[in-house]
Every structure is written in C-alpha cells, then in structure tokens.
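S.K.: just coords:
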C-alpha cells in the first residue's frame with residue numbers, strides 16, 4: 001500500500017468536496033428564499049451529507065498518518081435559476097464521477113481507502129442520476145410545473 005497516494009487522493013477530494021458542499025448550502029438557502037422549500041432543503045441536506053464524507057476522508061488521512069490541509073475555496077458563481085443550477089451542477093457531477101472512477105483504480109492496493117472511495121462514488125452517482133432525472137421530468141412536464149412541485 002502506498003499511503004502517500006491514498007492521502008493525496010483523499011485530501012484532493014476532501015478539499016473539492018468541502019467547496020462543493022458550501023456551494024450546495026448557499027444554493028439551498030437561495031432556493032428556500034425564493035419559495036422553493038423542497039429544493040432548498042434538498043441542497044441543504046446535501047451539504048450535510050457531503051460534509052459527512054469530508055469527515056470520513058479526514059479520518060482516513062489521519063489513520064494513514066497524513067497531515068490535514070485546507071487549501072481554501074475557489075470563487076464560484078451562484079445561480080439563482082433552479083433549473084440552470086441543476087444543469088450546471090450536473091456538468092460538475094459528470095466530471096467528478098469520471099474522476100472518481102479513475103481515482104478508485106489507483107487505490108486498489110489500499111482496501112480501506114478504496115472501500116471509502118467506492119462508497120463515495122456510489123453516492124455521487126445517485127446524485128448524478130437525481131439531477132438527470134429532474135431534468136428529464138422538467139422536459140416532460142415543463143419548468144413551471146416542476147418548480148411548483150418544489151414549493
């Protein structure tokens with residue numbers, strides 16, 4: 001097992017996920033303020049779920065004897081239109097899932113980290129499928145009807 005490779009992967013995803021989680025929290029607050037209570041709560045709950053993954057990544061880094069780093073968050077534009085946000089988030093999710101598949105391949109010799117990352121990958125795939133499904137429903141019933149379901 002190469003602990004260094006595992007620590008680097010875990011740190012990379014912990015940093016990126018922390019940034020993404022904060023964006024989800026803010027987007028959730030924006031959507032709630034617009035009256036889209038269900039959609040807003042979905043993203044606020046998503047923030048909590050993502051931060052639980054960050055905790056797992058940090059715990060594993062520490063188990064491996066690594067040092068925790070926080071590189072800070074990059075500036076990201078917040079999107080007030082819920083449908084446009086789902087589209088933008090879907091693009092990020094697709095890239096992230098592809099990256100996770102590649103990352104998991106490199107961690108096969110560290111079964112504990114590999115299991116954590118595969119579980120995280122499955123969770124991210126579920127999020128990706130939710131976004132794809134939401135956009136399909138929007139196409140079928142129309143944006144206004146879908147937004148009504150998010151009140």
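M.R.: Cool, got the structure. Keep in mind it's a predicted model, so treat the numbers as computed, not measured.
S.K.: now residue 107: closest residue in space that isn't a chain neighbour?
M.R.: Of all residues not flanking residue 107 in the chain, residue 114 sits nearest, at 4.4 Å (CB to CB, 6 or more residues apart in numbering). Any C-beta I mention is one placed from the backbone N, CA and C, and that applies to glycine too.
S.K.: any idea whether the one you found is helix, strand or coil?
M.R.: What DSSP: H, G, I helix; E, B strand; the rest coil gives for residue 114 is helix.
S.K.: that one and residue 71: what is the separation?
M.R.: Going from residue 114 to residue 71 by CB to CB, to the nearest Å gives 24 Å.
S.K.: between the two, which one's more packed in?
M.R.: When neighbours are counted by other CB atoms under 10 Å, residue 114 comes out ahead of the other of residue 114 and residue 71, with 19 against 12.
S.K.: residues contacting that one?
M.R.: 104, 107, 108 (CB atoms under 8 Å, 6 or more residues apart in numbering).
S.K.: filter the residues you listed down to the buried ones.
M.R.: 104, 107 (16 or more other CB atoms under 10 Å).
S.K.: out of the contacts of residue 114, which is nearest to residue 67?
M.R.: Using CB to CB, residue 107 comes nearest to residue 67 of the contacts of residue 114, at 19.0 Å.
S.K.: and that closest one, how far is that from residue 8?
M.R.: Taking CB to CB, one finds residue 107 at 10 Å from residue 8.
S.K.: can you check residue 87 too?
M.R.: Separation of residue 87 from residue 8 (CB to CB): 31 Å.
S.K.: go on, residue 151?
M.R.: 44 Å.
S.K.: and if you look at residue 56?
M.R.: Remark: distance between residue 56 and residue 8 (CB to CB) = 16 Å.
S.K.: ditto for residue 39
M.R.: Distance, residue 39 to residue 8, using CB to CB: 35 Å.
S.K.: these two: which is more packed in?
M.R.: Taking other CB under 10 Å, residue 39 and residue 8 do not tie; residue 39 has more neighbours (24 against 15).
S.K.: give the contact list for the more buried one.
M.R.: Counting by CB under 8 Å, 6+ apart, residue 39 makes contact with 28, 31, 82, 150.
S.K.: quick check: the first one touching residue 46?
M.R.: Yes - using CB atoms under 8 Å as the test, residue 28 is close enough to residue 46 to be in contact (7.4 Å).
S.K.: by neighbour count, which of the contacts of residue 39 wins?
M.R.: Most neighbours among the contacts of residue 39, by other CB under 10 Å: residue 31, with 24 neighbours.
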